Structures are given as structure tokens and as C-alpha cells.
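Colleague: this one's structure only:
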């Protein structure tokens, strides 16, 4: 059963505009004719008032943005188990805000809610916050809100918690000062703060807060109908200046072909993650713009190193040699991916290219025989369909390559929530997915996922743990890059996973959309976007 999580009345409620709006929703009036009909009837003031209180109608009337994301929105909580879910991050980037931001071109960490920060001691970071900033409910933003948000991330032990694993205390000595103390020196705190979405301390005491959240962002939450749509309206009091858009509607359209069609017909204004076979027709549409960017997003296959036969790195390497990755890229991923060269995309800081695994099925079979599996073996792989371009085709192709060397892999397709629960519980043999290095820094992915304490794959290597800890402790880019050279080599040569493809993100929008900047982290933001015409 769908639940409408709403803070305002429905856009179809009765009122002076209900009949006209009803005809609009039934397709009998277009965006322009809706506004034109109201003005012709002498209702311009009524229309303006109505749209300001009904964001869904504002979107349809052409004053807002209609977006479809590649995945379904499963949660709005940016601190818990879904904290690194792409859709959760997109919504959170508009409703909430972070202490810092990262320039995707230079890697420079920039101020947001924090005006400045300094490492006052080797193990103490101090952030000075903006003054005069208010939450959507009008309450003031203070250091207590940062303290409560960070402590919640740590307590929930979700996927962002490892970034803050060394934190021993979060203090709010003054309303605009936050002090973070760590057990050992950590130089990446300002980078990790780019993912610290600040929610109100007063709201976080309510376990249902993120069903109807309010924050510090450029847009205010209005309603969420799971599997249907989410509505946001512009925050005129945003500290960075009121956004040009009246609001944003995020519509759920799971099928890629349906999303492509919706772009061509003008039903939606913006999408991304479209499959390669849909791109040529979209390129031919003069009303659309396609903005590609080499992204921080990539595919991988993990091996559960606690389960036989994947406790043996020889077996793990054999399965990599069984795959003709160059052919898969050429046949399935033209314009949307390139062959990967490291455990994270080379667009990211700390991604050091490695020697590729050659496609050699005979070598793969001999390695399996050496490991005690001359006739191969049976295993399973879990994945969530529809998460990224060509995932089904890639999955079926890899299964065929493994079958050719005697490895029979059962295909376990799971719904997103089930897949995620099993992933975190290590309830799988192999796991196939895409991922994004959200900060563009190796620390986000390598320390968060590949340390022994993270225990995301069952792989444990004390040498790697120390290298990643040293890289996180340092604030010297040259020193960190040297350390990541060794970290990438270990992860690659130990075959902790298969790292086949780095993704190219193709953002597609109507030409009426102005001011959009392609985001390599696959988290598009629309704070500076406007819609013309």
C-alpha cells in the first residue's frame, strides 16, 4: 500500500483551481494553455497564489523541474543504511545541506554550512559555522545540529560510519563552533564533511522525522508517495539565495525505455542513466541536450572472502581472467563506460592505474585446477536489476563466460531493499553492483569498504588496513597518493573483487533547462538551474 507522506494538501484537492487543474492532469490542457487559460479568465493573481502553495501544479505549469532518477527512492534518511543510495543523496542534497563541498574539477574543499575549518591539534578539527542560517521551520542552525547529526551517523553504523570511525568526541562549545576529536590524526575530516547532511537536533529525536523532513537546503519537502513521486518547493530563505526554480518533482519511471520516451515527449525535463541503445534517438532530438561526463561511478563484482571457494585468491583471479572485458565494453557499453584500470575510477584522487587482467580462459581453467576445482564449481551471484546501464546484459554475459570455464553461477535477482540488507549482512557468494566514489577521494571508498573493521566483503589484510589509515591521517596529497598506489595494487592483485568498467554519466535534459552543471558523482543538483520558455 502506498503511503502519501505529505506536509501540504494534495494538488487535486477541491478549490477554485480544481476543475482547471483536473483537465490539465487528464491531458486536456498543456503547460502553456493552463497558464494561458487562467490569465485569460483574469485569474493571474489566483494562479500565482495557487502555484506558490501547490508545487506539483507549478511543475506542470512550467515554472518548476520534472526529474526522473535511474533508481527508485527507497528512503530519505541520509544518515542510516541507505545513506549512500544515489536517490537518497539526490533528495538530501536539495532538502538538507553539508558542512563542506568539493569542487569536482580541482578537488578543492569549499565552504558550505561551515565558513572555515582548521586542525587546531593533530587530533582535533574545529569548524566555524555560518551565522544567520535557519531551518525550513524557522529555527536557527547551530553547532548542536551538527553534533546531533554526526553522532547519529556514527551510532547508526551505516555505510558512512566508517568515515568517522576514529571520532572520539563531537563538541558544540559555542553556537557557531563544532569541535571534532579523533583517536589518531585524520586529515580527511573536511572531505568527509562533504557528506555530513545536517538535520535539526530537535527533529532527530523523532524516529519518523525523515518521513517528513525539514532542513537547511534550497528546497523544502512537500510530499512523497513511494513508487510514484516526490515533491519539493523552493526555499525563499535559503542562505545561498532563493533558487530560480519554483519547485522540483521527482517522478518514478523504472523502465529505461519509458524514461527515454518521457524525455522525447516532454513529459519530464531531466534524467540520466539511460542505456546505450536509447542514446542515438535522444541525440537526434533537437529539443534535448546530452551532457556526458567521466564519472566517479563504476561497476564491480565482489567475492565473499569468508565463503569457499572465494577464500582462495587464485580462484578469484581465475574468474577475472575468464572475462573478455574489452569485448563487453565494445558490444554493450559504447558511450556509457570504459575499461577500468583501478579499484576506483581514474577520475578520482588516489586511483592509481594497474596492469589489466588478460582475457585467457585456458589460464583461468588451469588456475581453477591448481586450486582444486578441475571441473569448476557451483556458486551464486546477487544483484539488483535496473541499477545502472546494461546491467542485465552485463550480468548474463558474465554468467556465460564463467559457464565456459566450468563455473556455474546461479543468478539471484533481488529487490533493492532485500539486496541491500543481504549485502550488509554478507549473505551472498558474489555480489554485482555499481557504486560511486561520492567525494571523488579514494578514502571514501577504499577505507570505507576494504578495511578489516569495515568487513564489507570478508576480506581482511592488516597491511592494507595500515596503509589506508596512514592515507586518511595525512593531509599531504603527495604522501596520500604514494600510499594509495600501494593500496590499489593490493586490492587489485589480491582480486578482492572484479573491477571491470568505469561509467560515463550522460545527463539528458530539455533545452529549456538552463544552468545545469554535469556532476561526476552521479548526484545532480538543481539549485542553480532555471527553466525557460
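Modeller: Noted; the coordinates are in hand. What you see is a predicted model, and the numbers here were worked out from it, not measured in a lab.
Colleague: next, count neighbours for the residue nearest to residue 533 when sequence neighbours are not counted.
Modeller: Counting by Cβ to Cβ, 6 or more residues apart in numbering, the nearest residue to residue 533 once its immediate chain neighbours are dropped is residue 512, at 4.7 Å. Heads up, the C-betas are built off the backbone N, CA and C, glycines and all. Using other Cβ atoms under 10 Å, residue 512 is surrounded by 15 other residues.
Colleague: residue 512 and residue 279, how far apart?
Modeller: Using Cβ to Cβ, to the nearest Å, we find residue 512 at a distance of 20 Å from residue 279.
Colleague: which stretch of helix or strand covers residue 154?
Modeller: Residue 154 belongs to helix 143-156 when assigned by DSSP states H and E.
Colleague: how far does that helix sit from its chain's centre?
Modeller: Here helix 143-156 is found 21 Å from its chain centre; the criterion is Cα atoms, centre = their mean, to the nearest Å.
Colleague: residues in contact with it: which ones?
Modeller: Helix 143-156 has contacts (Cβ atoms under 8 Å, 6 or more residues apart in numbering) with 79-81, 83, 99, 113, 127, 129, 135, 160-161, 164, 167, 170-178, 180, 196-201, 204.
Colleague: and that helix, which residues are buried?
Modeller: Under the neighbour-count criterion of 16 or more other Cβ atoms under 10 Å, helix 143-156 has 143, 145-154 buried.
Colleague: and the strands in the stretch 351-500 of the chain, which stretches?
Modeller: Secondary structure of the stretch 351-500 of the chain (DSSP state E, counting those that start in this stretch): strands located at 377-383, 407-413, 430-436, 497-498.
Colleague: tell me which residues are up against the shortest one.
Modeller: Strand 497-498 is contacted by residues 300-303, 319-320, 323, 343, 457, 491 when judged by Cβ under 8 Å, 6+ apart.
Colleague: repeat for the first one
Modeller: Strand 377-383 is contacted from outside by 301, 309-310, 368, 391, 395, 399, 406-414, 419, 422-423, 428-433, using Cβ under 8 Å, 6+ apart.
Colleague: go again using 7 Å as the cut-off
Modeller: Outside strand 377-383, the residues that touch it by Cβ atoms under 7 Å, 6 or more residues apart in numbering are 309, 391, 395, 407-414, 419, 422, 428-433.
Colleague: pull out the buried residues from those.
Modeller: 309, 391, 395, 407, 409, 412, 414, 419, 428-433.
Colleague: from those, pick the one nearest residue 93.
Modeller: residue 433 (21.4 Å; Cβ to Cβ).
Colleague: ok, residue 430 - contacts?
Modeller: For residue 430, the contact set (Cβ under 7 Å, 6+ apart) comprises 301-304, 379-381.
Colleague: how does it look with 8 Å?
Modeller: 301-304, 310, 379-382, 409.
Colleague: give me the most central residue, this structure.
Modeller: residue 86 (2.6 Å; Cα atoms, centre = their mean).
Colleague: okay, it: pLDDT?
Modeller: Listed pLDDT for residue 86 reads 91.
Colleague: the stretch 201-350 of the chain: helices as residue ranges?
Modeller: 201-204, 256-265, 279-283, 313-321, 325-332 (DSSP state H, counting those that start in this stretch).
Colleague: dump those helices to JSON lines, plus distance to residue 472 and mean pLDDT.
Modeller: Converted to JSON lines, the helices of the stretch 201-350 of the chain look like this (distance: least, Cβ to Cβ, whole Å; pLDDT from 0 to 100):
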{"stretch": "helix 201-204", "distance to residue 472": "27", "mean pLDDT": "97"}
{"stretch": "helix 256-265", "distance to residue 472": "38", "mean pLDDT": "93"}
{"stretch": "helix 279-283", "distance to residue 472": "39", "mean pLDDT": "94"}
{"stretch": "helix 313-321", "distance to residue 472": "25", "mean pLDDT": "98"}
{"stretch": "helix 325-332", "distance to residue 472": "31", "mean pLDDT": "96"}
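Colleague: for those, which one sits closest to residue 238?
Modeller: helix 201-204 (18.1 Å).
Colleague: list the buried residues of that closest one.
Modeller: Those would be 201, 203-204, for helix 201-204 by 16+ other Cβ under 10 Å.
Colleague: mind putting those into TSV with distance to residue 507?
Modeller: Supplementary listing: the buried residues of helix 201-204 in TSV, determined by distance: Cβ to Cβ, whole Å:
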residue	distance to residue 507
201	35
203	32
204	33
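Colleague: looking at those residues, which one is closest to residue 484?
Modeller: After measuring the buried residues of helix 201-204 against residue 484 - Cβ to Cβ - the closest member comes out as residue 204, at 34.7 Å.
Colleague: skipping adjacent residues, who's closest to that closest one in space?
Modeller: Nearest to residue 204 is residue 148, by Cβ to Cβ, 6+ apart, at 5.2 Å.
Colleague: report how many residues lie close to the closest residue in space to residue 293 that isn't next to it in sequence.
Modeller: Spatial nearest neighbour of residue 293, chain neighbours left out: residue 518 (3.9 Å); criterion: Cβ to Cβ, 6+ apart. Applying other Cβ under 10 Å, we find 15 residues neighbouring residue 518.
Colleague: once you drop chain neighbours, what's closest to residue 187?
Modeller: That would be residue 475: by Cβ to Cβ, 6+ apart, it lies 3.5 Å from residue 187.
Colleague: now residue 528
Modeller: residue 515 (4.9 Å).
Colleague: okay, how far is it across stretch 280-288, tip to tip?
Modeller: This stretch, stretch 280-288, spans 12 Å end to end (Cα to Cα, to the nearest Å).
Colleague: rounded mean pLDDT for stretch 428-436, please.
Modeller: pLDDT averaged over stretch 428-436 gives 96.
Colleague: kindly report the same for stretch 120-129.
Modeller: Averaged over stretch 120-129, pLDDT sits at 97.
Colleague: what comes into contact with it?
Modeller: Contacts for stretch 120-129 (Cβ under 8 Å, 6+ apart): 99, 113-119, 141-143, 146, 175-186, 189-190, 193.
Colleague: the same query, at a cut-off of 6 Å, please.
Modeller: Stretch 120-129 has contacts (Cβ atoms under 6 Å, 6 or more residues apart in numbering) with 114-119, 176, 178-182, 185, 189.
Colleague: buried ones in that stretch?
Modeller: 123-129.
Colleague: show the low-confidence segments of the stretch 251-400 of the chain, by residue range.
Modeller: For the stretch 251-400 of the chain, no stretch has pLDDT under 70.
Colleague: circling back: of the contacts of residue 430, closest to residue 208?
Modeller: Closest to residue 208, out of all of those and judged by Cβ to Cβ, is residue 382, at 30.4 Å.
Colleague: any idea what the closest one is bridged to?
Modeller: residue 412, residue 431 (DSSP bridges).
Colleague: how far away is it from residue 454?
Modeller: For residue 382, the distance to residue 454 - Cβ to Cβ - is 19 Å.
Colleague: of the two, who's got more company?
Modeller: Between residue 382 and residue 454, residue 382 has the larger neighbour count (other Cβ under 10 Å), namely 22 against 19.
Colleague: okay, now residue 406: neighbour count?
Modeller: With other Cβ under 10 Å as criterion, residue 406 counts 17.
Colleague: quick check: closest non-adjacent residue to it.
Modeller: residue 376 (2.5 Å).
Colleague: thinking the one you found is in contact with residue 407, fair?
Modeller: Yes: between residue 376 and residue 407 there is a contact under Cβ atoms under 6 Å: 4.8 Å.
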